[in-house]
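S.K.: after the sequence you'll find the predicted model.
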Amino acid sequence: MQANVGDRLHVHSHVVGEIDRQGEIIEVRGQQGAPPYVVRFNDGHESLVFPGPDAVVEPA
């Protein structure tokens with residue numbers, strides 16, 4: 001997985017009734033666009049994320 005600052009991270013929910021999480025990648029800490037990423041989610045929460053197989057990077 002590779003991303004750039006400004007791309008969107010979409011994490012799909014695996015729980016019925018729970019919504020997917022989406023946020024903007026504000027910092028890339030890995031080399032050459034690799035994880036981990038600092039993500040600002042739509043609710044304003046910022047978190048260091050090591051995306052799993054349920055996550056997709058959407059280019060800006």
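M.R.: Great, that's in hand. Residues are numbered from 1 along each chain as shown.
S.K.: could you use CA atoms for every contact and neighbour count after this?
M.R.: Fine.
S.K.: quick check: buried residues in stretch 13-29?
M.R.: Gln22, Gly23, Glu24, Ile25, Ile26, Glu27, Val28 (16 or more other CA atoms under 10 Å).
S.K.: quick one: average pLDDT of it?
M.R.: Mean per-residue pLDDT for stretch 13-29: 93.
S.K.: got the CA positions of that stretch in CSV?
M.R.: Below are the C-alpha coordinates for stretch 13-29, written out as CSV (Å, rounded to 0.1, in the frame of the first residue of the first chain):
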residue,chain,number,x,y,z
SER,A,13,-16.5,-1.9,8.7
HIS,A,14,-16.9,-5.6,9.4
VAL,A,15,-19.6,-5.1,12.0
VAL,A,16,-23.3,-4.9,10.9
GLY,A,17,-24.7,-1.5,11.6
GLU,A,18,-21.4,0.2,12.0
ILE,A,19,-20.3,2.7,9.4
ASP,A,20,-17.1,2.7,7.4
ARG,A,21,-14.4,5.2,8.6
GLN,A,22,-12.9,7.7,6.2
GLY,A,23,-10.2,10.3,6.7
GLU,A,24,-7.5,12.3,5.1
ILE,A,25,-3.9,11.2,5.3
ILE,A,26,-2.0,14.2,6.8
GLU,A,27,1.4,12.5,7.3
VAL,A,28,3.2,9.5,5.8
ARG,A,29,5.8,8.1,8.1
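S.K.: Val57: neighbour count?
M.R.: Other residues within reach of Val57, judged by other CA atoms under 10 Å, total 19.
S.K.: so how far is Val16 from it?
M.R.: 22 Å (CA to CA, to the nearest Å).
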